[in-house]
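J.: this one's structure only:
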């Protein structure tokens, strides 16, 4: 249910990434650079806000935080159709950043509250897959309806639809402490208990993996455009870089509810999450090492899809591993730190890649470096992986 609620709140935000670069004059903008600012300001707002959101969830119920998130999301989405001008839109996008931080943290806490070690990966995959459908709906239906009905009407429609999340929250989320765990959050001064090696590894890995995945997301259309500048032939037609990039991105959003759940469920067994995590890291490294080279277009698209599948796996498994660490220590504190690290990585990734994109062999070197970092993360977890595999095999031997 919370995955559906999150999806409903995302309709308006996702729509903007498609329609705002075309209809920016209709909302009172004066220059195209303002579009870039508006599409990114919510991300930068979240970086300092996540600790404050964690502080709020320490003091209010999970249901209250989710109610507040849906209300703010609906307000900002309707605001896209009511208000005009750059300053007002900056304010709307900043408020949306607050709404998304509340919703994302609330989603994590909901999964942790209603799951255990036997199903947490499946629940996290289900949640991530469902909310990504909101992005798919916003992109597809927003792109189709805005030219017909206008940005104002579609924004008000999507904002009204977001309010449907309120009764869903009331019906499905019980009142009570946001952490939803029998183990209370660690008191002040017990940092040694909270910041264990496991938690530190999760936070650092979350930042690094999100950075690497953001590099791919930010440069997909750039890679298509530079490697195949004349377009991509497809059944007698020539598809441009943006069309192909959008199609591939929509494909990922469509498979997320099924594939993310499947990956999550595979990690809920007795072997744990590390085997599939290690395999996903190795697969991502191989995919990134192949992406920057000019290959036959059919083969190259297969590699892109392969990389997207590994991204789905890594995102789901990392979220589940963070939830595992949080459940055994301090739920809100750990998930706040994890949210800050992943948001920071997502913000650094595009900046880093476009800083080197103009250099000779810049993109190729960056992708090869990313592949190497995936391998290094795997090596960092290797000892833990081997130890747990030995324990698992020992238990299996005893049973047999």
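T.: Structure received. Since the model is a prediction, treat every value here as computed from it, not as a measurement.

J.: need the longest helix for the chain.
T.: Of all segments of type helix in the chain, defined using DSSP state H, the longest is helix 362-399.

J.: Give me the distance from that helix to the chain's centre.
T.: Taking the mean C-alpha point of helix 362-399 and that of its whole chain, the gap between them comes to 22 Å (C-alpha atoms, centre = their mean, to the nearest Å).

J.: Tell me where the stretch 151-300 of the chain has strands.
T.: 232-234, 237-239 (DSSP state E, counting those that start in this stretch).

J.: how long is stretch 109-117 from one end to the other?
T.: Looking at stretch 109-117, the gap from its leading to its trailing residue is 15 Å under the measure C-alpha to C-alpha, to the nearest Å.

J.: residues near residue 247, how many?
T.: Using other C-beta atoms under 10 Å, residue 247 is surrounded by 12 other residues. From N, CA and C alone the C-beta is placed, and that goes for glycine too.

J.: Need the phi and psi values for residue 71.
T.: Backbone dihedrals for residue 71, given as degrees, to the nearest 10, come out at phi -60, psi -50.

J.: Can you give me the buried ones in the longest helix of the chain?
T.: Judged by neighbour count using 16 or more other C-beta atoms under 10 Å, the buried positions of helix 362-399 are 363, 366-368, 370-371, 373-374, 377-378, 381, 385, 388, 392.

J.: Show the contacting residues for the nearest residue to residue 169 once chain neighbours are set aside.
T.: In space, residue 169 comes closest to residue 66 once its chain neighbours are excluded; the distance is 4.8 Å by C-beta to C-beta, 6 or more residues apart in numbering. Shown in contact with residue 66 (C-beta atoms under 8 Å, 6 or more residues apart in numbering): 2, 5, 102-103, 106, 110, 165, 169, 173.

J.: Report the secondary structure element holding residue 66.
T.: In this structure, residue 66 is located in helix 62-82 according to DSSP states H and E.

J.: Pull out the buried positions in that helix.
T.: Within helix 62-82, the residues scored as buried using 16+ other C-beta under 10 Å are 62-81.

J.: and the angle for the helix or strand following it with helix 62-82?
T.: Reading on from helix 62-82 to the C-terminus, the next helix or strand found by DSSP H and E is helix 86-113. The directions of helix 86-113 and helix 62-82 differ by 150 degrees, with axes from the mean of the first three to the mean of the last three C-alpha atoms, to 10 degrees as the criterion.

J.: chain center to helix 86-113, what's the gap?
T.: Distance, stretch centre to chain centre, for helix 86-113: 13 Å (C-alpha atoms, centre = their mean).

J.: Let me know the average pLDDT across that helix.
T.: In this model, helix 86-113 carries a mean pLDDT of 93.

J.: Any buried residues in it, and which?
T.: Those would be 86, 89-90, 92-113, for helix 86-113 by 16+ other C-beta under 10 Å.

J.: Likewise for stretch 148-163?
T.: Burial within stretch 148-163, assessed by neighbour count using 16+ other C-beta under 10 Å, is assigned to 151-152, 154-159, 161-163.

J.: OK, contacts around the nearest residue to residue 322 once chain neighbours are set aside?
T.: Of all residues beyond its chain neighbours, the one nearest residue 322 is residue 338 (4.4 Å), with distances taken as C-beta to C-beta, 6+ apart. Going by C-beta under 8 Å, 6+ apart, residue 338 touches 108, 202-203, 206, 322, 326.

J.: could you redo the last one with a cut-off of 6 Å?
T.: Residue 338 makes contact with 203, 206, 322, according to C-beta atoms under 6 Å, 6 or more residues apart in numbering.

J.: What of residue 395?
T.: Counting by C-beta under 6 Å, 6+ apart, residue 395 touches no other residue.

J.: that older thread, what's the PyMOL syntax to select whichever of the contacts of residue 338 are buried?
T.: Selecting only the buried entries of those in PyMOL, with 16+ other C-beta under 10 Å as the criterion:
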select buried, resi 203+206+322
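
J.: In contact with residue 115, which residues are there?
T.: For residue 115, the residues meeting the contact criterion (C-beta under 6 Å, 6+ apart) are residue 123.

J.: ok, now residue 125?
T.: Neighbour list for residue 125: 260-261, 263-264, 316 [criterion: C-beta under 6 Å, 6+ apart].

J.: What about those residues, which one has the most neighbours?
T.: Of the contacts of residue 125, residue 316 is surrounded by the most neighbours, 32 neighbours in total, counting by other C-beta under 10 Å.

J.: quick one, helices of the stretch 251-400 of the chain?
T.: Ranges of helices in the stretch 251-400 of the chain, per DSSP state H, counting those that start in this stretch, are 274-290, 297-327, 331-356, 362-399.

J.: re the thing from before, any idea which of the buried residues of helix 362-399 is least confident?
T.: For pLDDT, the smallest value among the buried residues of helix 362-399 belongs to residue 392: 77.

J.: per-residue confidence at the closest residue to that residue other than its chain neighbours?
T.: What sits nearest to residue 392 in space, not counting adjacent residues and going by C-beta to C-beta, 6+ apart, is residue 271, at 5.3 Å. We have a pLDDT of 86 for residue 271.

J.: wait, isn't residue 271 in contact with residue 391?
T.: No - with contact defined as C-beta atoms under 6 Å, residue 271 does not count as touching residue 391 (9.8 Å).

J.: Residue ranges in the stretch 251-400 of the chain under the pLDDT threshold?
T.: Regions of the stretch 251-400 of the chain meeting the criterion pLDDT under 70 cover residues 400.

J.: again, 90 this time
T.: Residues of the stretch 251-400 of the chain that meet the criterion pLDDT under 90 lie in 251-254, 256-257, 269-272, 294-298, 324-333, 339-340, 343-363, 387-400.
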